[in-house]
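Visitor: Make a model of this:
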Amino acid sequence: MAEGRGELPPQPPLHLSLPPASKRPCLRPAPRGPGPGPGPGFPNSRFRCPESLLDCAAKAVAEKWAFERVEERFERIPEPVQRRIVYWSFPRNEREICMYSSFQWAPAGSGAVPGGVTNGLPFRRGIRLLETGCVENVLQVGFHLSGTVTEPASQSEPEVTHKVAISFDRCKITSVTCGCGNRDIFYCAHVVALSLYRIRKPEQVKLRLPISETLFQMNRDQLQKLVQYLITAHHTEVLPTAQKLADEILSSNSEINQVHGAPDPTAGASIDDDNCWHLDEEQVREQVKQFLSQGGYYGSGKQLNSMFAKVREMLRMRDSNGARMLTLITEQFMADPRLSLWRQQGTGMTDKCRQLWDELGALWVCIVLNPHCKSEEKSGWLKQLKKWGDMDICPLEDGNYGSDVSLLGLTATLCSSVVPELLQRGMTSTTNLEGWVGHPLDPIGCLFGTLTETCRVEDDSTMDTGDSGDPKPPVYHHVPVWGCPDGGESYLALALEVALMGMGQQRVMPEGLYAQDKVCRNEEQIVTKLQEMELDDLLVQTLRKQAILLLEGGPFSGLGEVIHRESVPMHTFAKYLFSALLPHDADLAYKLALRAMRLPVLESTAPSGDMGHPHHGISIVPSRYPRWFTLGHLESQQCELASTMLTAAKGDMLRLRTVLDAIQKNIHSSSLIFKLAQDAFKIATPADNPPDITLLNVALELGLQVMRMTLSTLNWRRREMVRWLVTCATEVGLRALVSILQSWYTLFTPTEATSIVAATVMSHNTILRLSLDYPQREELASCARTLALQCAMKDPQNCALSALTLCEKDHIAFETAYQIVIDAASTGMTYSQLFTIARYMEHRGYPLRAFKLASLAMTHLNLAYNQDTHPAINDVLWACALSHSLGKNELAAIIPLVVKSVHCATVLSDILRRCTMTAPGLAGIPGRRNSGKLMSTDKAPLRQLLDATISAYINTTHSRLTHISPRHYGEFIEFLSKARETFLLAQDGHIQFAQFIENLKQIYKGKKKLMMLVRERFG
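Guide: Below is the predicted model:
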C-alpha cells in the first residue's frame, strides 16, 4: 500500500464527491498476482455449488471484523483473500435496504408517510429502476460502490442521470451520496437501485481492491501520469486542491509530512469506527421538529407514529440505529416549546401528544429490556432516562401512575422493577392499584412483543414496502426456553402466559378520560395480537391453565369470585378467552365468560329482581368514585360478550337459559338488551332454514325485559322496540301473542297497546303469517278487544278511537267502547278528540251518535272574535252541517252551543249562510219526515244565530278600531261590507246597520281619514 499515514486537511469537493467514509491511513504492501472472480456461492448463481472454505471464512470475517483488524492480525494477506473479503462486505439482505428506504413497517392504511411519493416509496421505485435497466456503470473499488441511475423521462420532466456513491463496512452501508440531492431520513430510490443491483447481480459488478492497493503497484512514472491525467480530466475542480497539496508535500515542515501514510476512502473502516448503518441524524432532528411544530395536525401524528414504527423495525432487526434514532427523537420531544408553556399554564398536554409520549416511553422500555444489549449500554440509557425525567419540562403522568412522576422517569422505574417482577410470574404483584394493561409504557405489549419476536418465522417474500395491501399476519413457531429444566416450555407459550396474566390482573379504573381510553385501546391491541396466534396443543394447554388460575385467583384476579366495585371489567378479555377455549373446553369457556359478565360499578342498592326501572350507570355511582368516561364503551363490550355466548349456545336450552340469566342480572342498558334481543332473533331466524325456537324464546324474553325497563322512561326508540316485540312474538306463535295481549299493562302504555300492538296483531298479514283457524282467530280477537276496552278505560283521550275501531265487529264490545267515550267526554277529553271520534262515527254510519259527540265537543270549545284561522273552524262547520242534514231539531239543539262557543263574526256568518242555502233534514234518517222548506232567519233557531252574528260583528268592529293603523283601513272597509250583508238578513237590518255606522262616526270622529272612507262607502 502507499507509504505515509495520515489525514488530509479539508478539501473542496469534486463534481461527484466521495461520501464521508472512513479514511484510515493505509500502509501494508499488497501481494502481487491476479485474484479470482466472484467465484461460487454468490446469490444469483444458476447452479448453486457448495461454498468454498475461502468464501465461508471471508463471509464471516467480512461481517464481523473491520478490515484494519484483518491487516493488523495477519502480516501477509493474499490478494484472492482480500478480494473475497471485499466482495462479501457489501450488505446481503434486501430487507435491510428496504428498512432504510421505506418509512413503514406498520400495517398499511396508517396514513401518509414522510418522504413517500404518490407512485410508491423509494424501495419500490428503486426496484422499478433496477428492473427497467436504469442502473449502469457500476464499479466497486474496495469498500466503495459507484454507478449511475437514470430516471426515465415523464410528461413533465426530461430524462435525468444521477451519479450515486455508496460506502460500506461489515455488511452495512455507512454513507451514501446521490446527485438527486435527496434530503430525507432514508435512502432515495437511486441508492436503492444501485444497492439492489450489487445484491442481485454481483457477477456483473467490476470489483477492484482499495485504490491504495492499485497505487502501490505503480512506479513513479505511472503515478505521475495518473495524477496528471486526473488533474486534466477535472482541472477546474481538482487543480487548486492538487497545487495546495503539492506545496505542502514539498515543504518539509508542513503538517501533512508529519503524518505517516495517506488516507484511502475505499480501504474500509478502522478498528475504532462504529459499525452502524448510515442514518442522517440532522434530517431526523429536522423532521421530528417539523412534525411536533404542527401540533399533531395535518397528519403529523401519523408521521411520527411511522417513525416510531421504524424504530421498532430496527429493534426487530437488532439494528443499533434503533436506540440512536429514538434518542434523536426524544431530544426533539424534550425541546418542544409547548412543554414549558403547558407547565406555565398549569394545563395538561393534548391527548394526541400524550399518545405520542406514551409510545416514546414504550419504545424505551423495549430498548432497555433488549436482551442483546450490553450491560454498560443499558446503564447508560437508564442514566439518560433519569436525567431527562428530572428536567422540569418533562411531562407528568396522570391517572393512577403518580401525579408527580415524569413519564421518562417512569420508564426507568418500570424497566428496573415492574417488568422483572412480572417475569417472576407471581400473582402477588396484582395487589398494586397500578394496572399493567393501559399503563403508559405498555409493559405487557412490550414483553409480549419481545417474547413472540423470538418465535417469529421470517419470510422475505412478505417484506413490507409500505405500498402493498394489508400485511400478512405473523407466523410463529415454538422456540424452547434456554435453560428450562424440563425443556417443555417455549417462548411462545411464555408470551401467551404473560399476556393472559396482564389482561387478567384486577386493577382499579384510572382517573381521567385519556387514561381510561388508553386502558380500552391497550386491551384491544393485546387481544388483536393474541388472535394472530394459531393455538396448538401446547398453547391450548397454557390457555386452559391460565384460565383456571384466573378463576381461582381470588382478589388478585379480575376474574376471581369477588372484585372491587371500581375494578376494570374483563369483557373484552373474556370474549377472547371464550372464543379461544370454546372448541377445546366449552364448560370452562362458559364458566369464565359468565363470570366476566358482571359490571359492579353499575350495581345499585335496589333489589336485584327489580327490573322495572333501568339503571343509568353514572347516576347511581356514589360521588366519591371518579367518573367513568368510557362507561358506554365498556357496556357495549359487555353486550358483545353476551352476544357471542348467545350465538354459541344456539340450540342448547340449558346454556341459553344460563346466559339469559346473566344478561338479565348484569346488563342495565335497555338499548343494549334490545340489541341482544335483535341479534338473537336474527340468528334464530335464518333465511333458508327453519327458526330455532329456543333462541327465539330468548329473544322474546329479552324483548319483554326491554319493554318493562322502558315502560316508565323516555326512550326515542320505544316505538321501534314495541313493533319489534310484536314481530318477535308473531314468530314464536299464537301463545306468545296472547300472552303479551293479556299482560299488556306491564309492557306497554295504553296508546302503544291499542295503536301498535293490538292493531298489528289483528292485521290480515299476522293472520296469514300464523295460518290461524277460526277458533284461534276468535281467541286472538277476543284478547285484542279486551285489551282495547281496558286501555280505553285507562286512557280514553288517546285510546277511545282505537278501541272503537278494534271492537267494530263485536256489537257488545263496540257499545261498551262508545259508552266509555260518552262517560269520558265531560271530564278528560278535548274537543279535537271528540270531533275526531264524531267524524269516525259518521264515517261508519252512526250519524246520530256522531251528532251527540259533536255536541259534546262544542261544549269544550271557545273561539274568540279574532280567531278566524283557528284549526277547529272546520270541525265547527262540519258539526253544523251534520246537524242541518239531520233535521231542524238537531240544528236547533246545536245552534245554542255554537252561539255560546263561537264569537268570531266571520265564522258565525259562514254558518248562517250555509244554513239558509238548503233545507234541513237531507240526511234521510229513517222514520223522519222533512218539509223540504228553507229556514227563515226571522224564526228560531236561525234568529238566535243571526242576532249572535250581528252582535259579533259589532263587538269585533269596536275591538279592531281600538288599535287600527292606516295600512289596515282598506281591509276594515271590506270587513264592514261583509257585516252589512249579515245585517240585511234581518227585517230591519238596513236600519240597524245605518244606526251602527252613525255610532261609529260619532265615537271615532278623531279618525278623520277612516271615517271619510266609511262615508264614501256607506253614506
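
Visitor: Sketch out the low-pLDDT regions of the stretch 101-250 of the chain for me.
Guide: Within the stretch 101-250 of the chain, the set of residues satisfying pLDDT under 70 comprises 103-120.

Visitor: mean confidence for whichever helix or strand residue 85 is part of?
Guide: When secondary structure is defined using DSSP states H and E, the element that contains residue 85 is helix 79-88. Helix 79-88 carries an average pLDDT of 88.

Visitor: so what does the following helix or strand past it touch, helix or strand wise?
Guide: Scanning forward in sequence from helix 79-88 by DSSP H and E, the next helix or strand is helix 94-99. If you count contacts as 3 or more Cβ pairs under 8 Å, 6 or more residues apart in numbering; DSSP states H and E, helix 94-99 packs onto helix 189-200, helix 300-316. The way it works is simple: take the backbone N, C-alpha and C, and place the C-beta from them, glycine included.

Visitor: For residue 384, find the nearest of those helices.
Guide: helix 300-316 (15.8 Å; Cβ to Cβ).

Visitor: what are the ranges of the strands in the stretch 201-350 of the chain?
Guide: For the stretch 201-350 of the chain, applying DSSP state E, counting those that start in this stretch gives strands covering 206-208, 262-263.

Visitor: Return the set of buried residues in the longest one.
Guide: Okay, so that is strand 206-208. residue 207 (16 or more other Cβ atoms under 10 Å).

Visitor: List the contacts of that strand.
Guide: Residues outside strand 206-208 that contact it (Cβ atoms under 8 Å, 6 or more residues apart in numbering): 37, 38, 83, 86, 87, 138, 139, 140, 141, 142, 214.

Visitor: What strands flank it, and is each parallel or antiparallel?
Guide: Here strand 206-208 has these sheet partners by DSSP bridges: strand 135-141 (parallel).

Visitor: Check the contacts of strand 206-208 for burial and list the buried ones.
Guide: For the contacts of strand 206-208, buried by 16+ other Cβ under 10 Å: 38, 83, 86, 87, 138, 140, 141, 142, 214.

Visitor: Which of the residues you listed sits closest to residue 984?
Guide: Of all the buried ones among the contacts of strand 206-208, residue 138 has the smallest distance to residue 984: 116.5 Å, by Cβ to Cβ.

Visitor: tell me the contacts of that closest one?
Guide: Listed by Cβ under 8 Å, 6+ apart, the contact set of residue 138 reads 145, 146, 147, 194, 197, 198, 204, 205, 206.

Visitor: what's the closest non-adjacent residue to the first one?
Guide: Going back to what we said before, that points to residue 145. Among residues not flanking residue 145 along the chain, residue 166 sits closest, at 4.5 Å (Cβ to Cβ, 6 or more residues apart in numbering).

Visitor: give me the element residue 493 is part of.
Guide: Element membership for residue 493 (DSSP H and E) is helix 491-504.

Visitor: An error on my part: the question was meant for residue 147.
Guide: Counting by DSSP H and E, residue 147 is part of strand 144-151.

Visitor: helix or strand for the closest residue to residue 911 other than its chain neighbours, which one?
Guide: Excluding the flanking residues, the one nearest residue 911 by Cβ to Cβ, 6+ apart is residue 880, at 5.0 Å. Taking DSSP H and E as the definition, residue 880 sits inside helix 873-886.

Visitor: Correct me if wrong: residue 475 contacts residue 455.
Guide: No: at 9.3 Å, residue 475 does not count as touching residue 455 under the criterion of Cβ atoms under 8 Å.

Visitor: where in the chain is pLDDT low?
Guide: The chain contains residues with pLDDT under 70 at 1-48, 103-120, 295-300, 394-433, 459-471, 485-487, 604-626, 922-932.

Visitor: Grab the longest strand from it for me.
Guide: Looking across the chain with DSSP state E, the single longest strand is strand 160-169.

Visitor: Now find how far off-centre the helix or strand following it is within its chain.
Guide: The helix or strand immediately downstream of strand 160-169 is strand 172-178, counting by DSSP H and E. Chain-centre distance of strand 172-178: 42 Å, with Cα atoms, centre = their mean, to the nearest Å.

Visitor: I'd like the C-alpha coordinates of strand 172-178 written as PDB, please.
Guide: C-alpha atoms of strand 172-178 as PDB (Å, rounded to 0.1, in the frame of the first residue of the first chain):
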ATOM      1  CA  LYS A 172     -23.700  -2.200   6.500                       C
ATOM      2  CA  ILE A 173     -24.000   0.900   4.300                       C
ATOM      3  CA  THR A 174     -22.100   3.600   6.200                       C
ATOM      4  CA  SER A 175     -22.600   6.600   3.900                       C
ATOM      5  CA  VAL A 176     -24.500   7.500   0.700                       C
ATOM      6  CA  THR A 177     -24.300  10.300  -1.800                       C
ATOM      7  CA  CYS A 178     -26.600  10.900  -4.800                       C
END
